[in-house]
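**Student:** Please work out how this folds:
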Amino acid sequence: MQHQQIIDQEQLAALTGYERAGDIERVLRAQGVIPFYGRRGRLWITVSQLEAARGIAQVPANEEAPF
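**Tutor:** Below you'll find the model as predicted:
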């Protein structure tokens, strides 16, 4: 399995300017990024998801969560 670089909730908060998970999720979904939820409800995404949403790259159809 190929490991993806992870962007965690703290990094997403810094990128979006929002602190609350619900606000971060709303912004991500509005931009075509569907976040994953960790064990304790913390949001995270992969770099490839962000790149795909920005039109930089495509997310492979077989991409799996790296856990």
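**Student:** quick one, strands of the protein?
**Tutor:** For the chain, the strands defined by DSSP state E cover 6-8, 36-37, 43-46.
**Student:** To residue 26, which of those strands lies closest?
**Tutor:** Nearest to residue 26, of all those, is strand 43-46, at 11.0 Å by CB to CB. In this view, the C-beta of every residue, glycine as well, is placed from N, C-alpha and C.
**Student:** That closest one - which strands sit beside it in the sheet, and in what orientation?
**Tutor:** strand 6-8 (antiparallel), strand 36-37 (antiparallel) (DSSP bridges).
**Student:** winner for burial among the ones you listed?
**Tutor:** Among the strands paired with strand 43-46, strand 6-8 has the highest mean neighbour count (mean count of other CB atoms under 10 Å), at a mean of 15.
**Student:** what about it, average pLDDT?
**Tutor:** Averaged across strand 6-8, the pLDDT comes to 95.
**Student:** what does stretch 56-67 give?
**Tutor:** The average pLDDT within stretch 56-67 is 60.
**Student:** Residue 24: which of the strands of the chain is closest?
**Tutor:** Closest of these to residue 24 is strand 43-46, at 5.8 Å (criterion: CB to CB).
**Student:** Residue 9 contacts residue 23, doesn't it?
**Tutor:** No: contact between residue 9 and residue 23 fails when scored by CB atoms under 8 Å: they sit 11.3 Å apart.
**Student:** Between the two, point out the one with more neighbours.
**Tutor:** residue 9 (20 against 13; other CB atoms under 10 Å).
**Student:** What separation is there between that one and residue 56?
**Tutor:** According to CB to CB, to the nearest Å, residue 9 stands 22 Å off from residue 56.
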